[in-house]
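>>> Sequence and predicted structure, then a few things I'm wondering about:
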Amino acid sequence: MVHAFVLIDAVPSRVAPLASELADVEGVAEVYSVAGHADLVAVVRVRHHDELAEVVTGRIHSLEGITDTRTLIAFQAFSKRDLEALWDLGEETAG
């Protein structure tokens, strides 16, 4: 599974409509409106890198009002539970 975060800059009047449109794009799991260096963040989850290219360049970029995107591909995922287990492992080996 390939996970990616697409940071999206948009025309201000299109931010809210784009959020809904992005949520309907196949391959987009979640969409967040954010403050900072982007207007929206789309979380993309696909099986193969080829599909990621199609989602970002074919589907997301085709939406009206997007002025720029930056895609961050995740190498490894850490959940709170995973991190707690990692710290617990460190304590076991230290003792």
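Nice, thanks for sending it over.

>>> residue contacts, residue 10?
By C-beta atoms under 8 Å, 6 or more residues apart in numbering, residue 10 lies in contact with 18, 39, 40, 65, 66, 67. All C-beta atoms are positioned from the backbone trio N, CA, C, and that covers glycine.

>>> which residues touch residue 6?
41, 42, 43, 44, 56, 60, 69, 70, 71, 72.

>>> Confirm that the second one lies within a strand, as I assumed.
Yes - under DSSP: H, G, I helix; E, B strand; the rest coil, residue 42 sits within a strand.

>>> Residue 53 versus residue 34, what's the distance?
Here the distance between residue 34 and residue 53 works out to 24 Å (C-beta to C-beta, to the nearest Å).

>>> Once you drop chain neighbours, what's closest to residue 30?
residue 43 (4.2 Å; C-beta to C-beta, 6 or more residues apart in numbering).

>>> Just confirm that neighbour contacts residue 8, I think it does.
No - between residue 43 and residue 8 there is no contact under C-beta atoms under 8 Å: 11.5 Å.

>>> Looking at the two, which one has more neighbours?
Higher neighbour count among residue 43 and residue 8: residue 8, with 26 against 16, using other C-beta atoms under 10 Å.
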